[in-house]
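Q: Output the structure for:
(one chain, ligands or ions: 1)
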Amino acid sequence: MPHKIAALRVEPLGTQIRKSSQIGAEVILPDSMKIFNPQALTEDDTQLLRQALFDHGVLVIRNQLGVAPGVLYDIAKVFDSQAQNVHSGGKTQVTDPKNILSQNNCSRIQRAPQVTIIGQGRIEDYEGISLLQLKHLDQSSFHEHPLSDDEIEKGYTRPYRWHMDAPLYESLPGFVTSIHAIEVPQVPDQQLQFPEGQSMPIAAGSTIFFSGARNFELLSPEEQEFACNTTVQYAPRAYEWIRDCKASADGLTIETKGREKNLDELAEWTWDKVQSFPMVWENHGNGKPHLQILGCCVYSLTTTDPATGKSTVIDDIDEVRRICHALQSKVYAPENVFAHRWEQGDLVMFHNRGLLHSISGQLSKYPDRRLLWQCSMASGASPKAYKNTKA
Ligand SMILES: [Fe+2]
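A: All right, here's what the predicted structure looks like:
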């Protein structure tokens, strides 16, 4: 009798971790595979993995130190038949100081230019780079009313900025983002702060997630119908446009208007490359509706009355932000937030088109280093609008 090789398994995380978030599963590799190699999976294992990402949002494979950086972009091809061979942020890292995406000082890996090195602290002679001064961004540099010194002393933290990995210009967002943890700081747990005095204990530096599907469930029938009939127009060069803006305490939107750049101050752009997406995206794996809005970067909304077919453009930026925030803030509660507690060696894959995610954690006062690889490949496929057949 030939020895039966154990297949890949997917184990949803415990309900005390998942709560109502609908997020989180661990992937146990087949016996024959210690380090993940998506190209060596059987067709059945590949299908199981693909479905698990679309159903559980965040997958973790433990103990993956030694994985080649190229595996991070092989992962994109498992989930996206139209994955491009380039990071969704472009061929090279954004270094323009006018763009807020350059503020973490991260860098690409020379032998795998689709993979970005992110983290915290000074790293010398790494991957052919003589010196990296990585910066873990936190709410203090981006929130309109950041945590006080006293609150930080008490261990509070907040979401820096909820987002999808999406440049919102030219390149379409990837289906999956993969992150591999090489060094993890040993820092005491912190408290994620919510409105009205609630908090949630999380590991310092957790990547935090909420599900667009859970968010959609929490909307009223009227809000669901509005969302399904609305398109979100993002700003031209959105990350430059908001570079002087400050966020609300929940990290979902910009708090006050008035600091946006004038459109003629931005790097060259044309409207045909500026992206607009449906407000509700259909999950490629299970057909569920996901409310997907990158709230800090919205510019205008176009909504269609299903009864008359008449479209209305909402372009008062205060009103646009108020509408999006009213929908998304319904999900920002401890029971709906999944926090990934990083362990050295973790390889995490998350469904970028079905979740919103954010950095959290106040790490800057600690000497511990943090070193991660991140990869989010551009896609050739536009997000698919969810059609609400009940409407
Ligand atoms: Fe991200």
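
Q: C-alpha from now on. contacts and neighbour counts both.
A: Noted.

Q: which strand is the longest one in the chain?
A: The strand that spans the most residues within the chain, counting by DSSP state E, is strand 112-126.

Q: What residues of that strand count as buried?
A: Of the residues in strand 112-126, those with enough neighbours to count as buried (16 or more other C-alpha atoms under 10 Å) are A112, P113, Q114, V115, T116, I117, I118, G119, Q120, G121, I123.

Q: Could I get the contacting residues of the residue nearest to the third one when sequence neighbours are not counted?
A: Across the structure, with C-alpha to C-alpha, 6 or more residues apart in numbering as the measure, the residue nearest Q114 apart from its sequence neighbours is H87 (4.9 Å). By C-alpha atoms under 8 Å, 6 or more residues apart in numbering, the contact set of H87 is Q114, V115, C375, S376, M377, A378.

Q: Please repeat the previous calculation with a cut-off of 10 Å.
A: Contact criterion C-alpha atoms under 10 Å, 6 or more residues apart in numbering gives 73, 93, 108, 113-116, 171, 173-174, 374-379 as the residues in contact with H87.

Q: Look at P185 and give its secondary structure.
A: coil (DSSP: H, G, I helix; E, B strand; the rest coil).

Q: Looking at the closest residue to it other than its chain neighbours now. What's its pLDDT?
A: Excluding its sequence neighbours, the residue lying closest to P185 (C-alpha to C-alpha, 6+ apart) is D368, at 5.0 Å. According to the model's per-residue confidence, D368 sits at a pLDDT of 94.

Q: From the structure, what's the count of residues near D368?
A: Burial of D368 is recorded as 15 neighbouring residues (other C-alpha atoms under 10 Å).

Q: Checking my notes, F210 in a strand, right?
A: Yes. For F210, which was evaluated using three-state DSSP, the result is membership in a strand.

Q: Quick check: closest non-adjacent residue to it.
A: When the adjacent residues along the chain are set aside, F210 lies closest to V337, with 5.1 Å between them (C-alpha to C-alpha, 6+ apart).

Q: Pretty sure that neighbour sits against P201.
A: No. Under the criterion of C-alpha atoms under 10 Å, V337 makes no contact with P201, lying 11.2 Å away.

Q: Between those two, which contacts overlap?
A: Taking C-alpha under 10 Å, 6+ apart as the contact rule, V337 and P201 both touch L192.

Q: Looking at the two, which is more packed in?
A: Per other C-alpha under 10 Å, whichever of V337 and P201 has more neighbours is V337, with 23 against 15.

Q: Quick one: end-to-end distance for stretch 214-233.
A: The straight-line separation of the ends of stretch 214-233 (C-alpha to C-alpha, to the nearest Å) is 23 Å.

Q: nope, stretch 359-376 is what I meant
A: Using C-alpha to C-alpha, the end-to-end distance of stretch 359-376 comes out at 16 Å.

Q: Same check on stretch 96-112?
A: Distances were taken as C-alpha to C-alpha; on that basis the terminal residues of stretch 96-112 are 21 Å apart.
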